[in-house]
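*Asks:* got a sequence here, can you build the structure:
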Amino acid sequence: MNEYPIELVLPHAHPMILVDRLVHYTDTSSTCTVKITPCSNFYNPERNSVPSYVGIEYMAQTIAAYANVLKLDSGGTVSLGFLVSARNYMTQVREFALDTELLIQVELLFKEANGLSVFDCRIKQDEKIVVEAKINVFEPDEPELYLQEQAQK
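*Replies:* Have a look, this model is predicted:
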């Protein structure tokens with residue numbers, strides 16, 4: 001496993017990079033972390049937390065990190081992917097509290113030749129699963145061309 005800074009594997013710029021670090025990846029999975037601080041995007045200072053629905057973006061960015069490290073490892077370049085849908089988004093918490101460290105894990109369930117994939121995702125806090133979902137994503141071969149075609153419709 002190569003080590004990559006998160007900024008290198010996500011097709012985002014700060015402040016929209018929400019996860020802190022890619023800690024592990026394999027051919028079928030990846031794990032990222034995020035620590036909730038007052039500087040976290042979507043942080044609510046009145047509640048000292050980030051709403052748990054932001055977890056869907058933590059999962060999506062962990063999927064993007066997974067896809068892009070595999071591309072970089074094989075000599076490719078980082079590219080865009082698209083979150084298509086989330087199924088069975090179940091959360092055990094309303095919010096992620098200040099100073100909480102989250103472990104976001106995604107595992108590829110299957111990938112179609114047309115670029116559609118399904119991932120089993122979970123967020124853990126203190127070794128306990130606090131959020132789970134199945135996330136469907138689309139990775140077109142040429143994302144910029146795909147965006148141009150969609151804009152013309």
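
*Asks:* what distance do you get for the spatially most central residue of the chain to Gln148?
*Replies:* Closest to where the C-alpha atoms of the chain average out (C-alpha atoms, centre = their mean) is Gln61, at 2.2 Å. For Gln61, the distance to Gln148 (C-beta to C-beta, to the nearest Å) stands at 24 Å. Where C-beta positions appear, they are placed from N, C-alpha and C, glycine not excepted.

*Asks:* likewise for Val23?
*Replies:* The gap separating Val23 from Gln148 is 35 Å, by C-beta to C-beta.

*Asks:* those two: who's more crowded?
*Replies:* Val23 (17 against 10; other C-beta atoms under 10 Å).

*Asks:* checking my notes, the more buried one in a strand, right?
*Replies:* Yes - counting by DSSP: H, G, I helix; E, B strand; the rest coil, Val23 is located in a strand.

*Asks:* isn't it up against Ile6?
*Replies:* No - taking contacts as C-beta atoms under 8 Å, Val23 lies outside contact range of Ile6: 10.0 Å.
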